[in-house]
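# Provided below for reference: sequence and predicted model.
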Amino acid sequence: MKRTRLALVAVAVLIFWASLLPAYAVPPTATPSPGYEARLQEQRAASRAVVAPVMKSRRVKRMRAH
């Protein structure tokens, strides 16, 4: 009887301890797809090409009147 209780307590402690560990599983939908990655890189390259450089406004020096 004592061995059975000790075994059950040990299993319960192990299950509790294992539940505290983080899970590192990756869902099957999160695996990289070569076609999607290629389209994503193409889209990023196109969005970088469209952005025009920002021009700074020139300060005009005014002449002082004496």
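That came in fine, so what should we check first? Numbering: from 1, shown residues only.

# Secondary structure element holding Ser59?
Slight slip there: residue 59 is Arg, not Ser. Arg59 belongs to no helix or strand when assigned by DSSP states H and E.

# can you give me the helices for the chain?
2-19, 34-50 (DSSP state H).

# rank the ones you listed by mean pLDDT and give me the bottom one.
With a mean of 83, helix 34-50 has the lowest mean pLDDT of the helices of the chain.

# thinking again about what came up before, switch the helices of the chain over to TSV; also include distance to Pro28 and mean neighbour count.
C-beta: built from backbone N, CA, C; applies to glycine. TSV is the format used below for the helices of the chain (distance: least, Cβ to Cβ, whole Å; neighbours: other Cβ atoms under 10 Å):
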stretch	distance to Pro28	mean neighbour count
helix 2-19	23	9
helix 34-50	14	9
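
# Using JSON lines, please lay out the ones you listed together with distance to Lys61.
Converted to JSON lines, those look like this (distance: least, Cβ to Cβ, whole Å):
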{"stretch": "helix 2-19", "distance to Lys61": "72"}
{"stretch": "helix 34-50", "distance to Lys61": "35"}
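
# Between these, which one is closest to Arg58.
The closest of the helices of the chain to Arg58 is helix 34-50. By Cβ to Cβ, the value is 25.3 Å.

# how about the helices of the chain, which one is nearest Pro27?
Smallest distance to Pro27 across these (Cβ to Cβ): 15.3 Å, for helix 34-50.
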